[in-house]
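# Following is a predicted model, sequence given first.
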Amino acid sequence: MTDIITTGLVRLDASWGGEKNDVIQGLAAVAATAGRTTDVDQLVTDVLAREAQSTTGLPGGIAIPHCRTTAVSDATLAFARLTPPVDFGAKDGPADLAFLILAPEGGDDTHLQLLTKLARALVRPEFTTALRQAGTEQQAVDLINEAIGVTGEAAPAAAAAGAAAAAAPATTTHSLVAVTACPTGIAHTYMAAEALEAAAARAGVEIAVETQGSAGSTPLAAETIANAGAVIFAVDVGVRDRGRFAGKPMVSSGVKRPIDDADSMIAEALRYAASPSTSPRVEGDAVTAGATGGGEESWGGRIRRILMTGVSYMIPFVAAGGLLIALGFLLGGYEITGPADAILSETSLWNLPDPATYELSHVPFDSGLFAYLGAMLFKLGALSFGFLVPALAGYIAYAIADRPGIAPGFVMGAVAGVVNSGFLGGIVGGVLAGIAAHWIAGWKVPTWARGLMPVLVIPLLATVLSGAVMFVVLAKPLSALMEALTDGLNSMSGGSAILLGIVLGLMMAFDMGGPLNKVAYGFATAGLGAAATATDAPELKVMAAVMLAGMVPPLALALATVVRPGLFNPAERENGKAAWLMGASFITEGAIPFAAADPLRVIPSIMAGSAVTGALAMGMEVTLRAPHGGIFVLFAVDNVLGFMIALIAGTLVGAALVVLLKSIGPSDAEVATV
């Protein structure tokens, strides 16, 4: 293993100029002189790009410019003691100790474990004082190697030991937890963690810190999070799996704040832990977080997470595309699907089309302007729908393999379109691409090839492997399966369609936003994407049944609190007021407070109401082109009267059953509240 620092990478009392760019140029030249890079320009560009995201000056006269870069093949640390000091943006003044930390793009984590130890050492005054007093380059190298636990030939063993220690899960119960993360995940992430740990030790409180950095991270155990009184987020990027901390009192800041002022952050977190009711909290519900976060993820949970990741990224395309197409039909009539391309290519806002010329008989007022706008909106929606399956596949692959899976996943989504396998092909192709990318990313490759892995090797090979399987092995079976599914939906009428509506209604109401609800919703939105620009497809009926069934639970409970308020306690009556809007907006979760308080009487009632609504919607052939919005997207509904009848009927049934069942036995209003 190449030494992370040598005497050739150290300069004592260097004078390169008065600006930080001068120092970065100087340190890059040192790295080149030492044979660590042959592309100084690229190296400087990458360091300055990271510098533009946030300053790298730290309290105590320290600067740590750093980046991941293709300009180096081995992790490298260059050190300079500056004369005079140079301003890197720290609050307390310029820096006289400058460390250039370079990690190879796509490299493994061995050297990064050493870099994290250096980042932690920089917050210890005795270490920085010794560096300022070092008389030779070798003394500086020895001090740095000692700080990162490396001595001569022991470097590989120390690195492996450090990696093993970092990977070991925490077993101690802590009173605080924290997450630290910066955009590159090399230095600030670990320095912030060290500062928080040191401040917690001074305060006499235990803390567990999850460092979401480039060296990888070990998620905090579910028990550790559950026992913590508060959480600290010191991040400049999003927190991975933030839902694990739902409901916890929270202190949130950028990653540099704990480096500057960790003691006050610990004190603030302890105050919040002592008074959680008046403290800022992580969004979400603590019960849900406890049920889903941390620990070993089950296979069922993993599959659901992967699929729902793809669906969640696909839904914006469905929403935008569906509403745009609906608006196109509203302005241009359903005939707009045929001449839309011709209208856009042959006419303009200054040369409006004649609706009669393009056989558009349902344009309002026979307006050329409406015809043109309808064609434009329809085309935008159709183009948005074109990304549905690629987005589904791409982000399923992303959920499996992280960023290396996105490109091959999107390509497999496009392949699914070519072989006519629809969203089923997108799901299968996304899984194949993700598995291939994840497998290739785990290969041990020579040092020179590490930088090529994420930008060339993984996308290329994962696309070839998964694409070959899709075209050669799965194209015809998936196409036949999708055709059979479409034929089955098209043949549904009468009793079979009503039965499907009942099943979808029961699923939507059973867990109100939980796994069964999401399965039904995912089926509907995927089908909506498959329907694309059709004017009368069974998938549009499924979407209408699902959304209507999801609106019933909160509306039924809101109505019940009005009809028989004495059956509900004051808190439930207040929730009932909010449930009106939540139900009208298709937010099924508005029923959760009622179901949590009285599941045996509430859940069967709302399931019955949603089943009635689903059956009526399918029976009356209500169609919907929007995946969300409730009553606010009525313009995207065909058969609005049927829509309203189904919704009102299910709401009345659900409310009547809730009132009936709550009238049997003690009501919530009779239970004492504190």
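Structure received.

# Can you tell me, leaving aside adjacent residues, what's nearest to residue 606?
residue 553 (4.0 Å; Cβ to Cβ, 6 or more residues apart in numbering). Backbone N, C-alpha and C define where each C-beta goes, glycine included.

# buried set for the host helix or strand of that neighbour?
Assigned by DSSP states H and E, residue 553 belongs to helix 538-563. Applying a neighbour-count criterion of 16 or more other Cβ atoms under 10 Å, one finds 538-561 buried in helix 538-563.

# can you give me the mean pLDDT across that helix?
The average pLDDT within helix 538-563 is 91.

# same question, stretch 39-51
88.

# and after the helix holding residue 553, which helix or strand comes next?
Following helix 538-563 toward the C-terminus (DSSP H and E): helix 570-584.

# what residues does that next one touch?
551-558, 560-562, 565, 568, 589-591, 593-594, 597, 630-632, 651, 668, 673 (Cβ atoms under 8 Å, 6 or more residues apart in numbering).

# now with 7 Å?
The contact list for helix 570-584 (Cβ atoms under 7 Å, 6 or more residues apart in numbering) reads 551, 554-555, 557-558, 561-562, 565, 568, 590-591, 593-594, 597, 630-631, 668.

# any idea how far the residue nearest to residue 606 is from residue 632?
18 Å (Cβ to Cβ, to the nearest Å).

# Using CSV, write down the CA coordinates of stretch 350-363.
C-alpha atoms of stretch 350-363 as CSV (Å, rounded to 0.1, in the frame of the first residue of the first chain):
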residue,chain,number,x,y,z
TRP,A,350,-49.3,33.6,-34.4
ASN,A,351,-50.7,31.2,-37.0
LEU,A,352,-53.5,29.4,-35.1
PRO,A,353,-54.9,26.1,-36.4
ASP,A,354,-58.4,25.8,-37.7
PRO,A,355,-60.1,23.0,-35.6
ALA,A,356,-62.2,21.9,-38.5
THR,A,357,-59.1,21.3,-40.7
TYR,A,358,-57.8,18.9,-38.1
GLU,A,359,-61.2,17.3,-37.5
LEU,A,360,-61.4,18.5,-33.9
SER,A,361,-65.1,18.7,-33.1
HIS,A,362,-64.9,19.1,-29.3
VAL,A,363,-62.7,22.2,-29.0
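
# Would you tell me what the next helix or strand after the worst-scoring helix or strand of the chain on mean pLDDT is?
Counting by mean pLDDT, DSSP states H and E, the chain has its least confident helix or strand at helix 155-167, which shows a mean of 37. Per DSSP H and E, the first helix or strand lying C-terminal to helix 155-167 is strand 176-181.

# avg pLDDT for that following strand?
90.

# what helices or strands is it leaning on?
helix 188-203, strand 207-211, strand 230-235 (3 or more Cβ pairs under 7 Å, 6 or more residues apart in numbering; DSSP states H and E).

# other SSEs contacting whichever helix or strand residue 377 is part of?
Applying DSSP H and E as the criterion places residue 377 in helix 368-385. Secondary-structure packing of helix 368-385 (3+ Cβ pairs under 7 Å, 6+ apart): helix 299-332, helix 340-346.

# what's the closest of those helices to residue 220?
Of all the helices and strands packed on helix 368-385, helix 299-332 sits nearest to residue 220, with 17.2 Å by Cβ to Cβ.

# elements contacting the closest one?
helix 368-385, helix 388-401, helix 515-531.

# and this protein, what are its domains?
7-164, 169-292, 300-484, 492-519+535-670 (automatic domain parsing).

# can I get these in a markdown table with distance to residue 525?
A markdown table is the format used below for the domains of the chain (distance: least, Cβ to Cβ, whole Å):
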| stretch | distance to residue 525 |
| --- | --- |
| domain 7-164 | 35 |
| domain 169-292 | 21 |
| domain 300-484 | 5 |
| domain 492-519+535-670 | 5 |
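
# Ranked by average pLDDT, which of these falls at the bottom?
Looking at the domains of the chain, the bottom one is domain 169-292 with a mean of 77.

# how close does residue 38 sit to residue 654?
Counting by Cβ to Cβ - residue 38 and residue 654 are separated by 71 Å.

# next one: residue 433
43 Å.

# same question, residue 413
Taken as Cβ to Cβ, the span from residue 413 to residue 654 is 39 Å.

# can you check residue 522 too?
Residue 522 is 23 Å from residue 654, by Cβ to Cβ.

# Which of the three states applies to residue 586?
Classification of residue 586 using DSSP: H, G, I helix; E, B strand; the rest coil returns coil.

# what about the nearest residue to it once chain neighbours are set aside, neighbour count?
Spatial nearest neighbour of residue 586, chain neighbours left out: residue 630 (3.9 Å); criterion: Cβ to Cβ, 6+ apart. Using other Cβ atoms under 10 Å, residue 630 has 20 neighbouring residues.
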